[in-house]
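Student: Predicted model follows, preceded by the sequence.
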Amino acid sequence: MSSVALSLPVVTRTAPPGGLPSSTSHRFAPPPWDRDCPDWQRLDHKLSPAHLARRINAAVDQLDLTELFDAYAGTGSRAHRPDLLLKVALFEVQRKRLSPAQWHQDLQENEPCQWLAFGLCPSRSRLYAFRDRLGPVLDDLHNRLLGQAVAEELTPACRAALDGSTVAANSTRHRLLNQEGLTGRQQALDQAIQADVAGAAPAALPGWMAGTPQGRREQKEHYDEVQQQLTLRQQENQQRPASKRLAAKDVRVSPGDPEAVLGLDKLKVYRPLYNVQLMPDLDASLILAYEVFAQATDAATLPTMLERAEAAVGPSLEELLSDAAYATALDLAACAEAEVTLYAPYQENDFSATRAKRPPRQIPKSAFTWWEEEQVYVCPQGHRLECVDWEYERRKGGERLRMDAYRCAPQHCQGCPQQRQCTRSPQRGRMVKRSEYEHLVEALKERMQTEEAKALYKRRGQTVELGFADQKEHRDLRRFRGRGRTRARIEVGLIVLAHNILSVLTLRQEKDSSDSLATPVRSSA
């Protein structure tokens with residue numbers, strides 16, 4: 001993001017803190033300080049004009065927080081001001097302080113935090129509750145902000161990049177349970193709870209079991225949720241092809257965060273993790289869409305990311321840059337439906353580069369020519385492969401892809417001079433398969449050979465890779481602080497929202513500066 005100094009509005013100390021709609025004021029308790037308070041004024045005079053706290057304060061004041069205020073019903077005791085807590089949360093995530101426990105500490109010790117919150121100091125439990133309350137409203141805040149950026153012509157939002165990265169879940173990798181281990185724990189809990197009901201003195205408890213009757217009852221409910229997740233994974237494992245199916249004892253779940261998937265992180269460590277997807281804008285320092293998936297790979301995430309981007313910026317997205325993991329037939333079909341042109345290498349990565357150096361086991365499918373008008377393949381020897389069968393292949397995410405099978409007549413293969421290089425079963429004839437979206441794959445391959453595509457694709461690494469570097473290095477997003485996919489998504493959403501509101505603030509400043517320079521100065525003569 002640009003380091004241009006921002007000309008922030010001058011603070012009017014006689015006015016009450018803004019951002020609170022008068023129709024909702026009865027729902028919220030006033031903060032301890034106002035702008036006339038000597039404590040707040042003392043901190044106000046100490047903050048530099050371009051301080052991060054001032055930039056966050058100015059940016060949040062320009063957001064429409066109606067949905068956030070409406071999340072509070074106004075019953076019971078009056079709540080803390082959510083706009084002030086949001087400013088603190090965004091300020092903190094910019095400073096690598098991602099946990100509400102850290103926010104609580106800084107509200108007591110950090111002066112910029114105290115200035116933003118007007119002296120508020122909620123308990124840790126209230127800050128954790130506020131973090132959870134942000135879940136349903138973060139998408140609305142994100143979409144409204146980006147919609148305003150497009151309306152103000154700060155970005156055309158027509159070109160973006162896409163990639164994913166795994167982040168460790170808030171759970172240990174050393175105590176993963178299969179069905180046998182989970183059943184043993186559930187039985188031990190049942191016996192302990194029965195002893196609690198009978199009023200018997202507890203026997204020696206294992207280290208993993210809660211030490212109080214109430215804790216054991218809550219733990220029992222949690223392990224029921226763990227069982228549900230393990231059952232789902234067992235069902236998914238049974239639906240896999242036999243070659244990729246795990247043994248029953250190897251299907252495991254993390255008891256600390258059962259939603260987290262088990263897989264290899266960037267350091268090749270097998271652990272519970274989540275997959276964070278980002279779609280940064282190529283033309284502005286903005287992130288158009290984000291999502292957190294409970295899976296270890298990027299497969300089948302592109303359609304969801306297209307939906308997120310359309311919800312934020314409308315149908316303005318025209319070009320999308322990604323790596324080979326997103327260049328599948330179903331992903332290309334999703335892009336075609338959304339009228340988005342995908343730029344990505346097809347089936348090219350480090351492993352495919354290694355395989356390319358080896359001699360092929362058989363003549364590849366690419367050596368066969370497709371005749372569109374006649375709907376047949378032609379082999380290198382000039383023989384036709386007719387469509388003889390079709391089937392639906394199951395893909396990740398529950399989607400199905402139709403595959404048509406084209407086979408050469410056995411008499412041609414049995415007498416062919418390239419028989420050994422082409423097929424292992426000449427008595428049946430060589431077969432190749434073609435998906436229902438093969439024409440989109442072929443168009444992608446042709447597109448990626450053009451000089452325009454090669455030049456554009458160089459922009460991908462300059463955007464999405466920097467986005468993940470910023471999140472992991474400058475925001476410390478290497479391990480989630482909350483447990484469960486919902487809290488992981490809130491954490492990423494706060495980081496993205498903080499990044500975007502500061503970027504919009506900078507883009508507005510730069511646009512105002514360029515407009516003022518472009519305005520001709522009239523002579524007084």
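Tutor: Yes, it's here.
Student: Can you tell me which residue is spatially central in this protein?
Tutor: Taking Cα atoms, centre = their mean, the centroid of the chain lies closest to E291, which sits 2.6 Å from it.
Student: With adjacent residues omitted, what lies nearest to that one?
Tutor: Nearest non-adjacent residue to E291, counting by Cβ to Cβ, 6 or more residues apart in numbering: Q277, 4.8 Å away. No exception for glycine: its C-beta is placed from N, CA and C like everyone else's.
Student: How about R428?
Tutor: P410 (6.1 Å).
Student: Can you name the residues that contact that neighbour?
Tutor: Residues counted as contacts of P410 (Cβ atoms under 8 Å, 6 or more residues apart in numbering) are P426, Q427, R428, G429.
Student: Can you report how many residues neighbour the second one?
Tutor: Q427 has 9 neighbouring residues, counting by other Cβ atoms under 10 Å.
Student: same deal with A453?
Tutor: Neighbour count of A453, defined by other Cβ under 10 Å: 17.
Student: My read is that it contacts R447, right?
Tutor: Yes - shown here, A453 and R447 form a contact pair, counting by Cβ atoms under 8 Å, at 5.4 Å.
Student: Show me whatever sits in contact with both of these two.
Tutor: By the contact definition Cβ under 8 Å, 6+ apart, A453 and R447 are jointly contacted by Y343.
Student: ok now the host helix or strand of R216, how far from the chain's centre?
Tutor: Under DSSP states H and E, the secondary-structure element containing R216 is helix 213-239. Using Cα atoms, centre = their mean, to the nearest Å, the mean C-alpha position of helix 213-239 is found 25 Å from that of the whole chain.
Student: What of stretch 327-342?
Tutor: Worked out by Cα atoms, centre = their mean, stretch 327-342 lies 19 Å from the chain centre.
Student: give me every residue that touches the residue nearest to the centre of the chain.
Tutor: Applying Cβ under 8 Å, 6+ apart, the residues contacting E291 are V276, Q277, T301, T304, M305, R308, R489.
Student: now these as CSV including pLDDT and secondary structure?
Tutor: Listed next are those as CSV, based on pLDDT from 0 to 100; DSSP: H, G, I helix; E, B strand; the rest coil:
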residue, pLDDT, secondary structure
V276, 97, strand
Q277, 96, strand
T301, 95, coil
T304, 96, helix
M305, 97, helix
R308, 97, helix
R489, 98, helix
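Student: And these, which of them are buried?
Tutor: The neighbour count (16 or more other Cβ atoms under 10 Å) marks V276, Q277, T301, M305, R308, R489 as buried among those.
Student: Would you mind checking which of the residues you listed is nearest to G211?
Tutor: R489 (32.3 Å; Cβ to Cβ).
Student: got the contact list for the closest one?
Tutor: R489 touches G135, L138, E291, V292, counting by Cβ under 8 Å, 6+ apart.
Student: For ChimeraX, write the selection for the buried entries among those.
Tutor: In ChimeraX, this line selects whichever of the contacts of R489 come out buried by 16+ other Cβ under 10 Å:
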select :138,291,292
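Student: So, low pLDDT: which residues of the stretch 301-450 of the chain?
Tutor: Along the stretch 301-450 of the chain, segments meeting pLDDT under 70 span 348-359.
Student: Strands along that one, start to end?
Tutor: Counting by DSSP state E, counting those that start in this stretch, the stretch 301-450 of the chain has strands at residues 319-321, 341-343, 369-371, 376-378, 384-394, 400-408, 431-435.
Student: Give me whichever of the ones you listed is most buried.
Tutor: strand 319-321 (a mean of 23; mean count of other Cβ atoms under 10 Å).
Student: Direction included, what does that strand pair up with?
Tutor: Sheet pairing of strand 319-321 (DSSP bridges) gives strand 159-161 (parallel), strand 341-343 (parallel).
Student: Averaged pLDDT, the first one. What do you get?
Tutor: This predicted structure assigns strand 159-161 an average pLDDT of 96.
Student: Tell me the first helix or strand C-terminal of that strand.
Tutor: With elements assigned by DSSP H and E, the helix or strand that comes after strand 159-161 is strand 163-168.
Student: Determine how far that next one lies from the middle of the whole chain.
Tutor: Relative to its chain's centre, strand 163-168 lies at 8 Å (Cα atoms, centre = their mean).
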